[in-house]
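# Following is a predicted model, sequence given first.
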Amino acid sequence: MVLVEMAGAEDTIYLCNFRVSVDERDPVCIERSNLVNICKLVVKELIESSLKFGRQLDSDSVPLQHFFIVLEHVLRHGLKPKRGLLGPKKELWDLFQFVEKWSYEAQDITASVRDLPTVKTHIGRARAWLRLALMQKKLADYFRLLIERRDELLTEFYETGALMLADEAIVIMGLLVGLNVIDCNLCVKEEDLDSQMGVIDFSLYLRNTGADTSPEDSQEQTDMTTVLDQKNYIEELNRHLNATVTNLQAKVETLITTNALMKEDLAIAKNTIIHMQGDNDRLRNERGLPTQQQQEQMDKEAKKASRVSVIGCEEEMQDLKLQLEEESAHRKQVEKELELQIQMKAESEMAAKLLEKDIHEKQDTIISLRQQLDEIKVINLEMYRKLQECESSLKQKTELIGRLEAKAGEMAETIRNLESQYVFQDSQSSHEPSPAGQRSRSKSYYEPLSQREAEEAAEGEEGKKGGIGKSASMCELQNRMAHPL
């Protein structure tokens, strides 16, 4: 048993574990060939399994589930990934929404998919759309519409070398045409279409189907095939007859409307003739009884007038007919414009819905970005507060160091003053005559005093750093200088 994981947009079904074949063919071509071959096997198994159930399948059919998995891989082969958070959409659901612009029948299933409460993701909506299109028996037609607009639409969604942009897409379309003989009863609301796809058991397609078939099963299958073919022929004939009846009914309604308009025009013409005859009688009564010559002359004039009136009525009838034809043509043109306006209104409503949906998504993104911005502001305020604390602490320490340095300078100045006093006293003592014992005593005293001065200088350097012991050293040095003996 061979199991193939169906995990992501870039996953591809392989029949081998090597991406480079021995004949150095393009790996992308091998991927397309593998997808086409697997699709052929799955469609063949699907049609054969449908014959056992009277060409009626439901959601529990394993070959039907495998067919949707393989078809999704065919459609996702070479699909461009979405770039960035606010980048253009490159999902199958976005591609399927273009089909309703070219087919009125696709508008129903697209609207149904949008209203599904159990489907939340784009891939789930795409799977629901494929199932509804198969139940509608229009999947091959929608596939053909996408292939016909390969250069203007599919190049925006697919990478170069994708199956939908290659010649193998026509083969897939031919395989989908054969599925129109199957009646699928799928409950889309009860399926979990947002979850990950399953696996395919290829042992169903690698077994020898002819070895286990008995002659009785073959005869029953043949009879069932014949009955189902007759059923499909009758359904197709009924579909054509319904279309013919619809066209004839439209023509009859048009003829009835034209006949009613012509009757109204004829009634108007008759009323005009009656009014003219009444005017003629009134004029004759006003003139009185005419003479014979006048009567003959009047008869001749009446005949001429009647001829002229008849000719005028005929001309008026012709004019009315021309006006009727013009009005009919104008009415047809107005109806076409009305249909065009209705279509444009539907497209504008659809565009408004898509725009509203896009606006909602962008608003969600803006809200999340604002939340992140607020968090960053809080962090910045906290860092700014810590920075101010550090600056205040640094300022205090700098002031402390300045004070300590000032004290150290004062102490150094005091030391220099004391040293100068010491040198002055030493010079005075050297000029005074003294006995040898006194000189030896002074020498023995002042020699250790110089060592103590070095120690006190070292303590003064340490006092610059820590500020400890400075006062004691200064006091001791002053006592020494004040009492040298």
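Alright, I've got the coordinates.
# I'd like the average pLDDT over whatever helix or strand residue 32 lives in.
Using DSSP states H and E, residue 32 falls within helix 27-52. Over the span of helix 27-52, the pLDDT mean works out to 87.
# Could you list the low-confidence segments of the protein?
By pLDDT under 70, the low-scoring segments of the chain are 1-25, 82-89, 198, 201, 203-233, 237, 288-295, 431-485.
# need the strands for it, in chain order.
For the chain, the strands defined by DSSP state E cover 3-4, 56-58, 183-185, 200-201.
# counting contacts, what elements does the helix holding residue 32 pack onto?
In terms of contacts (3 or more CB pairs under 8 Å, 6 or more residues apart in numbering; DSSP states H and E), helix 27-52 is packed against strand 56-58, helix 62-76, helix 168-177, helix 203-206, helix 215-287. Placement of C-beta: from N, CA and C, glycine included.
# can you list these in JSON lines and add mean neighbour count?
Output for these, formatted as JSON lines (neighbours: other CB atoms under 10 Å):
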{"stretch": "strand 56-58", "mean neighbour count": "15"}
{"stretch": "helix 62-76", "mean neighbour count": "21"}
{"stretch": "helix 168-177", "mean neighbour count": "18"}
{"stretch": "helix 203-206", "mean neighbour count": "14"}
{"stretch": "helix 215-287", "mean neighbour count": "11"}
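# among those, which is nearest residue 357?
Nearest of the helices and strands packed on helix 27-52 to residue 357, taken as CB to CB: helix 62-76 at 22.1 Å.
# can you give me the angle the closest one makes with helix 27-52?
With axes from the mean of the first three to the mean of the last three CA atoms, to 10 degrees defining the directions, helix 62-76 sits at 150 degrees from helix 27-52.
# re the thing from before, would you list the helices and strands packed on helix 27-52 in a markdown table and tack on distance to residue 195?
As requested, these are exported to a markdown table (distance: least, CB to CB, whole Å):
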| stretch | distance to residue 195 |
| --- | --- |
| strand 56-58 | 19 |
| helix 62-76 | 12 |
| helix 168-177 | 25 |
| helix 203-206 | 22 |
| helix 215-287 | 34 |
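# how about these, which one is nearest residue 150?
Nearest to residue 150, of all the helices and strands packed on helix 27-52, is helix 168-177, at 7.9 Å by CB to CB.
# Quick check: buried residues in the helix holding residue 32?
Neighbour counts over helix 27-52 (16 or more other CB atoms under 10 Å) mark 28, 30-32, 34-36, 38-43, 45-47, 49-50 as buried.
# still on that earlier bit, could the strands of the chain be laid out in CSV, adding distance to residue 154?
Shown next, in CSV, are the strands of the chain (distance: least, CB to CB, whole Å):
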stretch, distance to residue 154
strand 3-4, 25
strand 56-58, 29
strand 183-185, 26
strand 200-201, 26
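# Highest mean neighbour count across these, which stretch is it?
Mean neighbour count (mean count of other CB atoms under 10 Å) peaks for strand 200-201 among those, with a mean of 19.
# Count the residues that sit near residue 397.
Residues lying near residue 397 (other CB atoms under 10 Å) number 10.
# measure it to residue 134 for me?
For residue 397, the distance to residue 134 (CB to CB, to the nearest Å) stands at 79 Å.
# and stretch 273-290, how far from the chain's centre?
With CA atoms, centre = their mean, to the nearest Å as the basis, stretch 273-290 stands 83 Å off its chain's centre.
# err, stretch 271-291, not the other one
For stretch 271-291, the distance to the chain centre is 82 Å (CA atoms, centre = their mean).
# Now do the contacts for the residue lying closest to residue 56 once chain neighbours are set aside.
Spatially, and ignoring its direct neighbours in sequence, residue 56 is nearest to residue 183 (4.7 Å; CB to CB, 6 or more residues apart in numbering). By CB atoms under 8 Å, 6 or more residues apart in numbering, the residues touching residue 183 are 55-57.
# from the residues you listed, which is closest to residue 309?
Minimum distance to residue 309 across the contacts of residue 183 is 72.8 Å, recorded for residue 55 (CB to CB).
# What's the separation between the closest one and residue 62?
Separation of residue 55 from residue 62 (CB to CB): 17 Å.
# Next: residue 312.
To residue 62, residue 312 is 83 Å away according to CB to CB.
# Please give the number of neighbouring residues around residue 384.
Residue 384: 10 surrounding residues under other CB under 10 Å.
# Check the one 5 residues further on too.
Look at residue 389: counted by other CB under 10 Å, it has 10 neighbours.
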